[in-house]
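# quick check, what structure comes out for this input:
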Amino acid sequence: MADQELREYGRNIVHWLKAVPSNIPRYIQERLPIVRWLPKYSRAWAMKDIVAGITVGLIVVPQGMSYAKVAGLPVQHGLYSAYIGAIFYCFMGTSKDLTIGPTAVISLITGELVTQLAGRYTPVQVAGLSCLAVGTLIMLLGVLQLGIILDFFPSTVLVGYTTGAAATIMVSQIPKWIGVSGVNTREPPYLVLINTLKALPTLSWLDFAFGLFSMLGLVGMGLAVDRWGHGKFSIQLVKISRFFVVTVVATMFSFLVNINAPHDLEGNIIPRISILKTVPSGLPSPQAPKLDGPILYEIAPKLVAVALATILEHIAIGKAFARKNRYQIDSNQELLTVGLANVMASFFGAYTVTGSFSRSAVNFQCGVRTPLSGLVTGALVLLALQMLTPFFYYIPDAALSAVIMVAVSGLVSMPQVFREFFNVNLWDFISSQVALWVTLFVSVEAGIAAGVVFSLVVLLFHVARPQIRLLKPLRTRPDVFVASSTYSTSNIILDTVNPPPGILIFRMEESATFPNMETFKIWAQDEVYRHTRFGGRARTAQDRLWSDDLELRIQQLRIQGRRSGRARQSMIPLEDKELPYLRAVILDCSSMNNIDTTGLQGLRDLKENLKDYAGARDDPDVFFELHFVDVHDSVLPILERSGLTRANQDPMAIQLRKVQVLRHTRDMESGNPLDSEDEDNTPSDRDSLLSSHSQRSSSSSASLKAIGSVSGLDSLVHLTIPDAIDAVHFHLNQWQRTRGEQGEAAGGSGLATSDSESDRDSLYKPSSTHELQYI
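The predicted structure follows:
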């Protein structure tokens with residue numbers, strides 16, 4: 001046996017190796033999308049790509065230098081990050097609109113890292129190591145195709161911590177914007193504001209003037225274009241390029257103010273206002289970041305926060321523009337791209353890069369057609385590094401602070417956004433507020449962690465406490481089953497009737513897994529206690545457990561049911577004699593996509609507990625069954641193997657039924673479903689197979705082919721609830737006949753058999769439109 005398995009394993013390896021050459025081109029196209037779209041590049045696209053690239057370049061030059069200052073780095077490192085990110089994404093990105101480079105949030109977290117390790121490592125060393133570590137982590141997620149983890153981070157958390165981070169950045173720039181010195185801008189925002197007010201006597205009026213006029217220019221151009229520039233791209237360019245324009249104008253005035261400024265003994269200018277001063281020209285030589293185990297261990301929590309912020313911001317922006325332009329992005333490829341971009345950037349003096357919302361929006365507004373615009377942006381930044389660094393010397397710090405404050409103001413979500421969260425879902429609103437306020441008062445990484453942890457706790461709570469419904473048929477449409485409390489808070493009142501006496505129908509709006517199974521089991525038993533009477537033998541004092549309070553519990557549940565208005569049409573009786581015996585429970589499994597070991601054991605325990613309550617455990621002459629409806633193909637095999645769905649017939653009859661349904665299914669696929677009916681097939685079988693699963697659970701049709709034991713009167717698995725009710729009556733009649741007690745059961749079984757059978761048939765008789773519907 002081992003030799004055979006070894007040979008099979010060897011054949012698989014040989015087959016895989018033979019397929020490698022033919023798969024290489026496809027793999028290259030997947031990993032380098034430019035190979036796929038560049039041969040189809042149209043000349044008509046070139047002008048828009050060039051305009052978009054130049055426009056984004058004019059924005060990223062002042063923004064890159066500004067964000068580098070937020071990160072606590074020399075300004076040229078922001079430009080290194082800008083050109084590497086823009087160029088690299090052109091080759092591997094899957095979004096035409098997305099542009100990557102330095103961003104406000106990442107710069108803020110990087111600045112916190114630099115401050116944490118100040119005195120032991122240089123800012124450049126910290127930023128480079130962070131960039132390498134974060135890039136490696138993100139690249140690993142992309143290689144392992146783990147983009148699915150992004151689904152666990154809600155957009156509300158992104159909005160919350162982004163708003164908090166933007167507000168933190170804006171507050172941290174106030175001291176330099178107004179020319180106040182001696183304020184630690186790395187402290188929480190409220191402390192920065194307090195210390196700024198205390199330091200007002202040190203205010204430099206010349207710096208304040210530059211900051212004020214820069215702010216007025218940026219805001220004024222934006223407002224003017226918003227008012228008069230609708231539909232005019234040439235005017236919109238004024239707003240788009242305002243950062244570059246204000247920086248140039250402020251620098252020119254700064255040069256004029258400092259043209260006659262005094263010099264120190266070494267010949268360096270003593271400026272009258274705060275300016276950038278010397279910015280190295282050219283590019284740094286490639287250099288590997290210094291790897292240090294202790295430093296990685298110390299900053300690991302912040303590195304995780306940087307990685308989360310990087311991928312959340314990047315993927316959210318990419319998906320937003322893809323949705324707007326009706327194309328798809330590959331999340332795993334995007335993770336691989338941004339990860340590799342950061343790994344490469346760490347060797348060239350850059351710090352962590354990710355997608356920028358503001359620059360991507362400009363890219364979109366310019367009508368960009370392909371990622372090729374990134375090459376133009378990167379070339380413009382390289383040109384600035386080579387030729388414009390002497391000009392950067394006189395850029396006022398106050399003007400850069402104004403640029404930063406206006407740039408990040410677009411990341412601040414207005415109150416109406418949070419009001420919408422509140423109106424849609426209270427938990428979404430709370431998660432956004434947790435992320436926002438923790439970011440403001442603690443740190444960005446703490447805000448991200450708090451928001452994500454809170455959202456995961458809420459998610460687990462919803463899984464552990466699912467919506468569970470007691471279903472009832474409509475009086476006018478007995479084939480339509482609705483939750484008895486579905487419309488309790490609306491203006492819609494539906495006239496429902498109770499199912500046949502002794503039958504209860506439940507639906508759990510979740511998979512049956514370990515967090516929620518105990519809740520479902522307790523809820524189902526409580527509903528059984530409310531609506532049916534105890535059918536077991538009376539317990540003597542000797543049999544009763546010391547903790548047995550079932551009678552008291554049942555009485556309390558029925559009183560609660562009356563008070564809560566669970567049964568508005570017919571009040572729940574308090575006495576057992578007014579209630580039917582329990583004869584069957586039907587589980588609607590349409591929302592149950594998965595079941596685990598705990599869920600399966602919970603169903604077994606539920607069945608045994610209900611059998612005990614009905615009296616079927618102690619007395620073989622008592623009838624009780626558990627039926628399943630609309631079971632998904634991933635759940636049905638598990639239920640079949642467990643024995644929970646085994647029909648009450650001998651194995652030969654079950655196999656015969658399987659063959660009949662399999663033949664029925666093949667005839668349906670061949671286009672002759674009506675011709676497949678034989679003697680044993682009931683109209684209910686045919687109509688259910690034809691209609692129900694095509695609308696409600698097409699995935700379960702695969703299980704018909706594999707197992708086939710569904711929808712028959714001899715089965716415990718059905719396609720519709722009416723089928724299940726018919727099967728319960730069919731089984732009950734068989735059970736009564738075999739015991740020769742049909743007359744006695746008709747008088748006390750709790751199920752309608754003689755006098756009320758015509759009423760039951762009128763409500764639940766199979767018809768040509770026999771189909772389960774949901775509301």
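# where does the prediction get shaky in the stretch 501-650 of the chain?
Where the stretch 501-650 of the chain drops to pLDDT under 70, the residues are 537-549, 561-576, 646-650.
# buried sites along stretch 392-412?
392-409, 411-412 (16 or more other CB atoms under 10 Å). Any C-beta I mention is one placed from the backbone N, CA and C, and that applies to glycine too.
# how confident was the prediction at the residue nearest to the spatial centre of the chain?
With distances taken as CA atoms, centre = their mean, the residue of the chain nearest its centroid is D151 (3.1 Å). Predicted confidence (pLDDT) for D151: 77.
# what's the answer for L426, then?
pLDDT at L426 comes out at 93.
# got it, and the one 5 residues further on?
The predicted structure scores S431 at 93 on the pLDDT scale.
# need the contact list for it.
P154, T156, V157, G160, G451, F454, S455, V458 (CB atoms under 8 Å, 6 or more residues apart in numbering).
# filter the residues you listed to the buried ones?
By 16+ other CB under 10 Å, the contacts of S431 give P154, T156, V157, G160, G451, F454, S455, V458 as buried.
# ok, the fifth one touching V159?
No - using CB atoms under 8 Å, G451 is not in contact with V159; the gap is 9.5 Å.
# among the buried ones among the contacts of S431, which pair sits farthest apart?
Pairwise distances across these peak at 13.7 Å for G160 and V458 (criterion: CB to CB).
# ok, the residue nearest to the centre of the chain to L411 distance?
When CB to CB, to the nearest Å is the yardstick, D151 and L411 sit 23 Å from each other.
# could you list the domains of the protein?
Domain assignment of the chain by automatic domain parsing yields the ranges 32-409, 468-537+547-764.
# most tightly packed of those?
For the domains of the chain, the largest average neighbour count (mean count of other CB atoms under 10 Å) is found in domain 32-409, namely a mean of 20.
# start to end distance for that one?
Start-to-end span of domain 32-409 (CA to CA, to the nearest Å) is 35 Å.
# distance from it to the middle of the chain?
Remark: domain 32-409 is offset 27 Å from the chain centroid, using CA atoms, centre = their mean, to the nearest Å.
# quick check: next helix or strand after the lengthiest helix in the chain?
In the chain, with assignment by DSSP state H, the single longest helix is helix 293-325. Going down the chain from helix 293-325, the next helix or strand is helix 331-345, by DSSP states H and E.
# identify whichever of the domains of the chain lies nearest to L440.
domain 32-409 (4.8 Å).
# what about the chain, any weak spots by pLDDT?
In the chain, residues with pLDDT under 70: 1-29, 231, 233, 265, 267, 484-493, 537-549, 561-576, 646-714, 740-775.
# tell me where the stretch 101-250 of the chain has helices.
104-116, 123-143, 155-178, 189-198, 205-228, 233-240, 242-258 (DSSP state H, counting those that start in this stretch).
# adding distance to V629, write those out as TSV.
Listed next are these as TSV, based on distance: least, CB to CB, whole Å:
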stretch	distance to V629
helix 104-116	49
helix 123-143	40
helix 155-178	35
helix 189-198	56
helix 205-228	57
helix 233-240	58
helix 242-258	62
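# quick one: which of these is nearest I554?
helix 155-178 (42.6 Å).
# what's the angle between that closest one and helix 293-325?
Here the directions of helix 155-178 and helix 293-325 differ by 110 degrees (axes from the mean of the first three to the mean of the last three CA atoms, to 10 degrees).
# tilt between helix 155-178 and helix 189-198?
10 degrees.
# now for the strand or helix carrying Y613, which elements pack on it?
Element membership of Y613, judged by DSSP H and E, is helix 597-614. Contact analysis of helix 597-614 by 3 or more CB pairs under 8 Å, 6 or more residues apart in numbering; DSSP states H and E lists helix 517-531, strand 625-629, helix 636-642 as its packing neighbours.
# ok, now with 10 Å
strand 503-508, helix 517-531, strand 584-588, strand 625-629, helix 636-642 (3 or more CB pairs under 10 Å, 6 or more residues apart in numbering; DSSP states H and E).
# in space, what's closest to V61 - neighbours in sequence excluded?
A384 (5.1 Å; CB to CB, 6 or more residues apart in numbering).
# now the helix or strand where the one you found lies - C-alpha only, PDB.
Element membership of A384 [criterion: DSSP H and E] is helix 373-387. Extracted C-alpha coordinates of helix 373-387, given in PDB (Å, rounded to 0.1, in the frame of the first residue of the first chain):
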ATOM      1  CA  SER A 373       0.900  57.700 -15.100                       C
ATOM      2  CA  GLY A 374       3.000  56.500 -12.100                       C
ATOM      3  CA  LEU A 375       6.100  56.500 -14.300                       C
ATOM      4  CA  VAL A 376       5.400  60.200 -15.100                       C
ATOM      5  CA  THR A 377       4.900  61.000 -11.500                       C
ATOM      6  CA  GLY A 378       8.100  59.200 -10.500                       C
ATOM      7  CA  ALA A 379      10.100  60.900 -13.200                       C
ATOM      8  CA  LEU A 380       8.900  64.300 -12.000                       C
ATOM      9  CA  VAL A 381       9.900  63.600  -8.400                       C
ATOM     10  CA  LEU A 382      13.300  62.400  -9.700                       C
ATOM     11  CA  LEU A 383      13.700  65.600 -11.600                       C
ATOM     12  CA  ALA A 384      12.900  67.600  -8.500                       C
ATOM     13  CA  LEU A 385      15.500  65.700  -6.500                       C
ATOM     14  CA  GLN A 386      18.100  66.300  -9.200                       C
ATOM     15  CA  MET A 387      17.500  70.000 -10.000                       C
END
